[in-house]
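1. predicted model and sequence below, questions to follow.
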Amino acid sequence: CSSRRAILYVPGDDIRKLNKALSLDADCIVMDCEDGVATNRKEEARVTIRQWLDEGRASNSTSEWSVRVNSVESDLCKEDLQTVLGGANKPPTLLLPKVESKEHIQWHMGGCQKINLIMYIESARAVVNLPDICRTAEQLSSTAPLKPAALVFGSDDLCANLGVTRSDNGTEILYARQKLVLVAKAFHLQAIDMRVQVLCFDNIPDLDGLQRQCEAGARMGYTGKQVIHPVQIPIVQQAFMPTAAIVEWAEGLIAAFQEHQKLGKGAFVYKGSMIDMPLLRQAENIIKLVSSNTKV
Ligand SMILES: CC(C)(COP(=O)(O)OP(=O)(O)OC[C@H]1O[C@@H](n2cnc3c(N)ncnc32)[C@H](O)[C@@H]1OP(=O)(O)O)[C@@H](O)C(=O)NCCC(=O)NCCSC(=O)C[C@](C)(O)C(=O)O
Ligand SMILES: [Mg+2]
């Protein structure tokens, strides 16, 4: 299946934006019940989402239409789950915000269809407990109808929890951002990066800032990013797709590696760099990323 590069939030109670999202090419659309929805509109959001699923409104869309419910500790999660999972058409993916401990994912869902689970890491406690959370999710997945798929770096809530104000490049949360990628890789989960804070300057979208932040995230190992506005989608999708030059380098390296193996050489020089097995694996990662990002 294709990886989620641009993950677009749409408030679940906003029919105009839900309709708009049908015409957009985001990899994953998040129909939100949580922080993008006002407290007095929670019921409206879950009912709208249920209706949307029942009517199969997004059945022709190539995007993955997923749902973010409210957190386990919010008192809203149970009702969200009952409504959102309560019909025949279930969303393929469920996003669970503010996961802080393994207890938060030790809940059972009815039904037999496997649903992808995306977990939000957005507090100091969650960052500290991260390996424990992922291990529990992995263990539960053998019996529960949920399949851990990705971790989302919730930088807004993390900053609130830490009592910091985020700078543009996010130095103050760098440790958590890096730890999330490391743990995600250890548990074979996709790592989805933070959203940019600045949307526009003087009403002009700050797409250069977005581009720079995507590139920094991609260099760390993130393979997707959260977006909140349609204009951000193509920038993110392009930034998380290796360039033609990098693909050419990777293909050439793989071919050269195979030739040198036949000659009994485990290490050799290619385009000025020493190549051995780890470099072959890096090149293969690039080719895999391209094929997982190519929609069929
Ligand atoms: C910022 C807002 C209010 C500006 O909304 P606007 O309508 O004023 O914007 P606009 O520039 O006038 O919109 C242009 C067109 O795009 C549409 N549009 C605009 N946005 C969207 C969208 N998201 N999805 C689909 N369509 C959208 C909009 O409806 C309009 O189309 P139209 O004229 O044809 O109607 C709006 O973009 C929006 O509501 N975005 C989503 C906000 C949101 O969900 N926030 C919560 C997620 S972030 C988060 O939770 C944090 C995290 C991870 O947990 C943690 O770090 O802790
Ligand atoms: Mg959040």
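-> Sure, I can see it. Ligands and ions are numbered 1, 2, ... in the order given.

2. ok, G217 to ligand 1 distance?
-> To ligand 1, G217 is 14 Å away according to CB to the nearest ligand atom, to the nearest Å. Where C-beta positions appear, they are placed from N, C-alpha and C, glycine not excepted.

3. can you list the strands that the lowest-mean-pLDDT helix or strand in the chain pairs with?
-> Of all the helices and strands that make up the chain, strand 200-201 has the lowest average by mean pLDDT, DSSP states H and E, namely a mean of 81. Strand partners for strand 200-201, identified by DSSP bridges, are recorded as strand 204-205 (antiparallel).

4. got the contact list for the strand it pairs with?
-> With CB atoms under 8 Å, 6 or more residues apart in numbering as the test, strand 204-205 has contacts from 199, 229, 231-232.

5. stretch 78-92 now?
-> Contacts for stretch 78-92 (CB under 8 Å, 6+ apart): 31, 33, 42, 46-47, 49-50, 53-54, 56, 64-67, 69-70, 94, 109-111, 113, 115-116.

6. could the contacts of strand 204-205 be laid out in TSV, adding secondary structure, distance to P145 and pLDDT?
-> Shown next, in TSV, are those (DSSP: H, G, I helix; E, B strand; the rest coil; distance: CB to CB, whole Å; pLDDT from 0 to 100):
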residue	secondary structure	distance to P145	pLDDT
L199	coil	37	84
H229	coil	33	96
V231	helix	36	96
Q232	helix	33	96
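
7. how about low-confidence regions in the stretch 101-250 of the chain?
-> Within the stretch 101-250 of the chain, the ranges that satisfy pLDDT under 70 run 107-113.

8. could you show me where the helices are in it, in order?
-> 124-128, 130-140, 155-162, 174-186, 207-220, 233-239, 244-262 (DSSP state H, counting those that start in this stretch).

9. and the residue of the protein nearest ligand 1?
-> Nearest residue of the chain to ligand 1 (CB to the nearest ligand atom) works out as G36 at 2.7 Å.

10. that residue - how many residues pack around it?
-> 19 (other CB atoms under 10 Å).

11. which non-adjacent residue is nearest it?
-> The shortest distance from G36 to any non-neighbouring residue, by CB to CB, 6 or more residues apart in numbering, is to P11 (4.2 Å).

12. returning to what we had before: who's in contact with the least confident helix or strand of the chain?
-> Applying CB under 8 Å, 6+ apart, the set of residues contacting strand 200-201 from outside is D206.

13. all further residue positions should be reported with the first residue as 53.
-> Right, with 53 as the first residue, what we last looked at is strand 252-253.

14. that one and ligand 1, are they touching?
-> No. Residues of strand 252-253 are not located near ligand 1 by CB under 6 Å from any ligand atom, the shortest gap being 8.5 Å.

15. are any of the contacts of strand 256-257 buried, and if so which?
-> Applying a neighbour-count criterion of 16 or more other CB atoms under 10 Å, the buried members of the contacts of strand 256-257 are 251, 284.
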